[in-house]
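J.: give me a model of this one.
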Amino acid sequence: MLIKLSNISKIYKMGLTEIRAIDGVSLEVEAGEYIAIMGPSGSGKSTIMNLIGCLDTPTSGSYILNDMEVAHLDDDRLAEIRNKEIGFVFQTFNLLSRANALQNVELPLIYSNISAKERRRQTLQALEVVGLRDRVRHKPSELSGGERQRVAIARALVNNCSLLLADEPTGNLDSKMGEEIMQVFDQLHEQENTIIVVTHEEHIARHTKRVIRLLDGKIISDERKG
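T.: Numbering: from 1, shown residues only. Predicted structure coming up:
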């Protein structure tokens with residue numbers, strides 16, 4: 001079992017008011033799954049993404065990631081786990097504008113105890129996986145939106161992470177580029193990568209093999225395909 005959430009809740013306090021963003025969610029994810037998390041605005045999908053991605057900690061409950069209990073670790077330990085276990089792909093790409101594709105993808109490896117030669121090898125391999133081996137010297141301003149997102153995917157992959165977590169990964173792309181990016185995720189799933197895509201778009205969710213729907217901080221359906 002890669003992920004096991006047990007009765008996870010996240011409560012935000014605003015003055016005297018408590019907002020229960022996630023309300024007693026339990027969820028299991030096996031390695032190699034390809035999942036969409038869906039729900040309307042305010043349903044809790046961004047909160048659960050932050051919890052799964054170790055960007056935030058739950059108010060209560062247990063979160064086991066790769067046999068580690070991570071629910072209540074401190075910020076430094078969570079940062080270590082994020083760098084080792086989780087690759088993030090965001091809607092806005094989050095690339096360094098002055099760095100080329102190679103430098104952007106290599107960045108997570110700077111914090112790993114590996115040689116410069118090995119960093120370069122892993123970086124070029126990740127760029128090749130997403131079809132950008134010939135664009136390594138290009139800066140984000142010299143790439144299309146789809147190519148920038150491919151760089152972001154390569155950066156997420158470069159550490160050989162356990163989980164690829166994508167938040168509205170096609171949100172800033174036109175439909176053609178968005179479909180191309182989802183085909184990259186499809187290919188990564190075929191290579192047995194574990195992928196969770198947070199989206200509100202039905203056509204994006206159709207690429208995945210399991211769709212989890214949230215409403216008011218609770219899972220209201222969990223549908224597996226095939």
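J.: tell me the mean pLDDT over stretch 204-213?
T.: Throughout stretch 204-213, pLDDT has a mean value of 97.
J.: show residues contacting that stretch.
T.: For stretch 204-213, contacts defined as Cβ atoms under 8 Å, 6 or more residues apart in numbering pick out 27, 33-39, 170, 178, 182, 185-186, 189, 195, 197, 199, 219-226. For every residue, glycine as well, the C-beta is placed using N, CA and C.
J.: which among these count as buried?
T.: Burial by neighbour count, 16 or more other Cβ atoms under 10 Å: within the contacts of stretch 204-213 this picks out 27, 33-39, 170, 178, 182, 185, 189, 195, 197, 199, 219.
J.: can you tell me which of the contacts of stretch 204-213 are in strands?
T.: By the criterion of DSSP state E, membership of those in strands covers 27, 34-38, 195, 197, 219-224.
J.: and those residues, which two are furthest apart?
T.: Across the ones in strands among the contacts of stretch 204-213, the longest distance by Cβ to Cβ is 21.9 Å; it joins 195 and 220.
J.: quick one: the strands in the chain?
T.: Taking DSSP E as the criterion, the chain carries its strands at 3-14, 17-29, 34-38, 60-65, 68-69, 86-90, 163-167, 195-198, 210-215, 218-224.
J.: using JSON lines, lay out those together with distance to residue 157.
T.: Written out in JSON lines, the entries for those read as follows (distance: least, Cβ to Cβ, whole Å):
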{"stretch": "strand 3-14", "distance to residue 157": "18"}
{"stretch": "strand 17-29", "distance to residue 157": "18"}
{"stretch": "strand 34-38", "distance to residue 157": "15"}
{"stretch": "strand 60-65", "distance to residue 157": "18"}
{"stretch": "strand 68-69", "distance to residue 157": "21"}
{"stretch": "strand 86-90", "distance to residue 157": "6"}
{"stretch": "strand 163-167", "distance to residue 157": "7"}
{"stretch": "strand 195-198", "distance to residue 157": "11"}
{"stretch": "strand 210-215", "distance to residue 157": "21"}
{"stretch": "strand 218-224", "distance to residue 157": "25"}
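J.: relative to residue 130, which of those is closest?
T.: Proximity to residue 130, assessed across the strands of the chain by Cβ to Cβ, is greatest for strand 86-90 (10.7 Å).
J.: for the residue nearest to residue 59 when sequence neighbours are not counted, grab the count of nearby residues.
T.: Beyond its immediate neighbours in the sequence, the residue positioned closest to residue 59 (Cβ to Cβ, 6 or more residues apart in numbering) is residue 11, lying 4.5 Å away. As a burial measure, the neighbour count of residue 11 was computed by other Cβ atoms under 10 Å and equals 14.
J.: contacts only, for residue 11.
T.: Applying Cβ under 8 Å, 6+ apart, one finds that residue 11 lies in contact with 18-21, 59.
J.: pLDDT score assigned to it?
T.: Per-residue pLDDT puts residue 11 at 97.
J.: elements contacting whichever helix in the chain runs longest?
T.: Across the chain, the helix with the greatest residue count (assigned by DSSP state H) is helix 175-190. Helix 175-190 is packed against helix 145-157, strand 163-167, strand 195-198, with contacts defined by 3 or more Cβ pairs under 8 Å, 6 or more residues apart in numbering; DSSP states H and E.
J.: need the residues that contact the longest one.
T.: Translated: helix 145-157. Helix 145-157 is contacted by residues 87-90, 93-95, 101, 104-105, 107-108, 123, 126-127, 129-132, 135, 138, 140, 143, 164-166, 169-170, 172-174, 177, 180-181, 184-185, 188, 193 when judged by Cβ under 8 Å, 6+ apart.
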